[in-house]
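> my questions are about this predicted structure, shown below with the sequence.
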Amino acid sequence: MSAAAPAASQSTEKLDFKRVLPIFIIVLVDLLGLTVIIPLLPLYAASFGADPVTIGLLGSAYPMMQFLAAPVIGGLSDRFGRKPVLVVSQIGTFIGFIILGFANALPIVFLSRIVDGISGGNIVTAQAAMADSTTERTRTQGLGLIGAAFGLGFTLGPAIAGIALAVSGNDYRVPAFIAAGFSLLSILLTVFWFKETLPAEKRGQKPAGQKRSYLGNITRALANPAVSILLVVMFLQQLVFNGYENLFSLFSLSRLGLNAAGNALVFVYIGIVLVLVQGKYIGPLSRKYGERKLIFWGLGLVAVGLVLTAITPAVTVPWYSAAEIQTELTNSTSAIQVPLPTNEASGWIGLLWILVASTPAAIGAGLLSPSINSLITRRVPSSEIGVSLGASSSLVSLANAVTPLIGGLLFQMLGTTAPFLIGGIALFGVLGLAASRIKPAPTPTAAPATK
């Protein structure tokens, strides 16, 4: 066999879909619950009279709790296995959705997000299980499947939410209970279908004398020069992109007059783009160009998408009615605090523009997270994958906790376009940092040829 044979074999290595299918399905079902709620949560808070700053605080509650919990959960999955940790975290998510469904005041809504955030290690553990089930050559595609589950979730979840709202007369509690149902299904799938991916003999491996702790998991990952810049870029891009996610519904409401059902349709479109990128294209692209280039492309595309979003024409959709929006978002105890557009200009240009602007943002977002996390897993030993992905997730959660506060203030004080325009410009700066500091990934050692 020639020397080139092993390399050729690796270049054509394919993902074992049969092995990773349970992980993908479980994550998808779990995310259906989350994505039923995400487009509605800012408007749900607005229905209790929350202003943009308070809505920002609500958006921070879940990720702040997740920031505190994710490194611990990642470390626990390395120590005790993926399955038990995944089940416990899913139970917390289920309880959080039940509380949200019964919420009759804004503090109860906050409580639901705090409970969900404390146990919010579902995705971290699933990422670690996916890393266990893939090779260096197929890991980006495997992690991309988790991203594709996000995309499918953003396609189906908002559509389910829109149907539920239409049937229930815009009762925001109904999608919360539907989300709880999906969460319960994910628990059952994990208990009865998911097989442990981390063998007992590989659990709890760590250098002698090394203590596991919440801060230690993060600082140890940041101290590794091979992954620290990747974690920094992950944090910075999420710091910007989460503002886009968190404020999109309020922006489209105040700029285009889109209600919850209208926003759900836009999220369906974004989800379709994410599915195509992460379910079909990211695997071949990563093998052809490498994760490093995909990170650069992702940063640039998201930056362009945010800037285009910021300059969306202030033209309301043809069916917009200020009176109907006011009625939908006002309950018996509070008045809406988010500015609504006038009926002075209406048409299709605003909606078409925001769909076009969302396209590069969705494509870039689809490339970023799987590519960064794949490089991280390739630069640490297998016994540290859970900890490293936990550190990555915790920094994402920290960014998610900070961004809604900053974005809410910018939205309220500087206007609806400020968070998107400032964020897009900032991402161009992150692109420059990444290009200068992220070195090419080490080439995997070729396996010896079999006789």
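Yes, it's here.
> residue 48 against residue 105, yeah?
Yes - taking contacts as Cβ atoms under 8 Å, residue 48 lies within contact range of residue 105: 6.8 Å. The way it works is simple: take the backbone N, C-alpha and C, and place the C-beta from them, glycine included.
> of the two, which one has the most company?
The residue with the greater number of neighbours, taking residue 48 and residue 105 and applying other Cβ atoms under 10 Å, is residue 48; the counts read 24 against 11.
> check contacts around residue 307.
Each residue near residue 307 by Cβ atoms under 8 Å, 6 or more residues apart in numbering is listed here: 420-421, 424-425.
> and the gap between it and residue 371?
Relative to residue 371, residue 307 is positioned 22 Å away (Cβ to Cβ, to the nearest Å).
> the stretch 51-200 of the chain: strands as residue ranges?
Under the criterion DSSP state E, counting those that start in this stretch, strands are not mapped anywhere in the stretch 51-200 of the chain.
> how far does the helix or strand where residue 263 lies sit from its chain's centre?
Residue 263 is located in helix 260-276, with elements delineated by DSSP states H and E. Offset of helix 260-276 from its chain centre (Cα atoms, centre = their mean, to the nearest Å): 14 Å.
> now that helix: buried residues?
Along helix 260-276, these residues count as buried under the neighbour rule (16 or more other Cβ atoms under 10 Å): 260-271, 273-276.
> just checking, what packs against that helix?
helix 139-168, helix 225-256, helix 349-378 (3 or more Cβ pairs under 8 Å, 6 or more residues apart in numbering; DSSP states H and E).
> report pLDDT for the residue most central in space within the chain.
Using Cα atoms, centre = their mean, the residue of the chain that lies closest to the mean C-alpha position is residue 150, 7.0 Å off. Among the per-residue scores, residue 150 shows a pLDDT of 72.
> go ahead and confirm it touches residue 31.
Yes - proximity of residue 150 to residue 31 meets the contact threshold set by Cβ under 8 Å, at 5.9 Å.
> pLDDT weak spots in the stretch 251-400 of the chain?
In the predicted model, the stretch 251-400 of the chain carries pLDDT under 70 at residues 328-338, 343-344, 382-383, 386.
> one more time with 90
Along the stretch 251-400 of the chain, the parts satisfying pLDDT under 90 run over 251-292, 314-347, 365-366, 369-400.
> residue 232: how many residues sit nearby?
17.
> before we move on, back to that, which residues sit in contact with the residue nearest to the centre of the chain?
Listed by Cβ under 8 Å, 6+ apart, the contact partners of residue 150 are 31, 35, 271, 274, 278.
> gap between it and residue 283?
Relative to residue 283, residue 150 is positioned 16 Å away (criterion: Cβ to Cβ).
> and residue 347, what does it touch?
Taking Cβ under 8 Å, 6+ apart as the test, what residue 347 contacts is 315-316, 318.
> now the buried members of the residues you listed.
Buried members of those, scored by 16+ other Cβ under 10 Å, are 315-316.
> could you dump the contacts of residue 347 into a markdown table and include distance to residue 60 and secondary structure?
Shown next, in a markdown table, are these (distance: Cβ to Cβ, whole Å; DSSP: H, G, I helix; E, B strand; the rest coil):
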| residue | distance to residue 60 | secondary structure |
| --- | --- | --- |
| 315 | 32 | coil |
| 316 | 30 | strand |
| 318 | 35 | coil |
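> now, which of the contacts of residue 347 sits nearest residue 289?
Looking at these and their distance to residue 289, the nearest is residue 315, at 38.3 Å (Cβ to Cβ).
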